[in-house]
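> please work out how this folds:
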Amino acid sequence: MSNHAETTSGHEARSAKTRSQLIEATIDVVSAVGYEGATTRALAQAAKTTLSAIPYHFGSKKELYLAAADMIAEYAAHRFAEAAALLDDTSDVDELSVRFELALIQLLHTMLEEAEPHAWTAFVTRCAYDNDDAFALIHERAIAPLQARLVHAASQFSGRSSDDEALRLRVIGILTAIFSFRFLRGVMLRGMDWQSIQSEAVRQITDMVRDLCRSSFLAVLPADQGANRKTVSA
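You can find the predicted model right below:
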């Protein structure tokens, strides 16, 4: 009985290790050559396992790809939830606007610190560009919940409905800008003539996000007022 339990336990440990190696290898290979270029043979070789391990553990290359996305999504959801938690436990509108700013700044610092492997960034960049099932999974599990929390908070202190497309677009615009500091960092580095993101750069970017939160950017005008303002300006 004891020998059987030990054998089973040993098999499960080896199986878990192989699964983990395949997922990590998939992130590395897909980040380098994309999903289409990542052959099952290349994935198995990178994971230092047999080709048959992919169908045995995941069923198909697509399911392995989604498992890799799911691992990143779970991690990202945890990190993003830390920022979203700053919006909890307050009904005061003024305090909520302050917490909204703090949540975005925490998200910004999470993006800038690059604590995760570089391959993760490249993996997400590729599947986001393709807007495929892997990115849909990451978006649904990690990004969408954070976006919903931010839109709800913005609707409370701006007086706009959370269904207002103009308000949602502005919140998504801020999120996209923050994500771009991680996923399109070359644009910022070359544009600012920075060699890397040092502490002074982080301070300047933080100040920019803070100024944006304190501006009238989220104070969306109703459609009729916006039209009147354009008429007056003309």
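> what is the least confident helix or strand in the chain?
helix 223-233 (a mean of 40; mean pLDDT, DSSP states H and E).
> so residue 42 sits against residue 30, correct?
No: Residue 42 lies out of contact with residue 30 (CB atoms under 8 Å); the separation is 9.9 Å. (Glycine included, C-beta is placed from N, CA and C.)
> okay, now the nearest residue to residue 46 once chain neighbours are set aside: neighbour count?
Closest residue to residue 46 apart from its sequence neighbours, by CB to CB, 6 or more residues apart in numbering: residue 25 at 3.7 Å. Residue 25 has 22 neighbours, counted by other CB atoms under 10 Å.
> next one: residue 44
Counted with other CB under 10 Å, residues neighbouring residue 44 total 18.
> that one in helix, strand or coil?
helix (DSSP: H, G, I helix; E, B strand; the rest coil).
> per-residue confidence at it?
For residue 44, the pLDDT comes out at 97.
> buried residues, the longest helix along the chain. List them.
Using DSSP state H, we find that the single longest helix of the chain is helix 2-37. When burial is assessed from 16 or more other CB atoms under 10 Å, helix 2-37 yields the following buried residues: 18-19, 21-31, 35.
> in this structure residue 143 contacts residue 80, no?
Yes: between residue 143 and residue 80 there is a contact at 7.2 Å, judged by CB under 8 Å.
> neighbour count: the two, which is higher?
Neighbour count, other CB under 10 Å: between residue 143 and residue 80, residue 80 has more, with 23 against 19.
> do you know how far that one is from residue 219?
25 Å (CB to CB, to the nearest Å).
> ok, now residue 165?
15 Å.
> which one's more surrounded, these two?
residue 219 (13 against 9).
> low-confidence stretches in the chain?
For the chain, the stretches with pLDDT under 70 are 1-11, 220-234.
> let's see 90
The chain contains residues with pLDDT under 90 at 1-15, 89-94, 113-115, 158-159, 196, 214, 216-234.
> where do the helices sit along it?
Ranges of helices within the chain are 2-37, 40-46, 53-57, 61-84, 93-113, 118-130, 133-138, 144-158, 165-183, 185-192, 199-214, 223-233, based on DSSP H.
> what does the fourth one contact?
Defining contact as CB atoms under 8 Å, 6 or more residues apart in numbering, one finds that helix 61-84 is touched by 19, 22-23, 26-27, 30, 35, 38, 40, 43, 54, 57-58, 103-104, 106-107, 110, 116, 120, 123-124, 127, 133-135, 137-138, 140-143, 145-146, 149-150.
> let's see 7 Å
Residues outside helix 61-84 that contact it (CB atoms under 7 Å, 6 or more residues apart in numbering): 22-23, 26-27, 30, 35, 40, 43, 54, 58, 103, 106-107, 110, 120, 123-124, 127, 133-134, 137-138, 141-142, 145-146, 149.
> name the residues that touch stretch 21-31?
So stretch 21-31 is contacted by 38, 42-43, 46-49, 53-54, 57, 64-65, 67-68, 71, 119-120, 122-123, 126 (CB under 7 Å, 6+ apart).
> whichever of those end up buried, select them in ChimeraX.
Burial among the contacts of stretch 21-31 is assessed by 16+ other CB under 10 Å; the matching ChimeraX selection reads:
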select :38,42,43,46,47,49,53,54,57,64,65,67,68,71,119,120,122,123,126
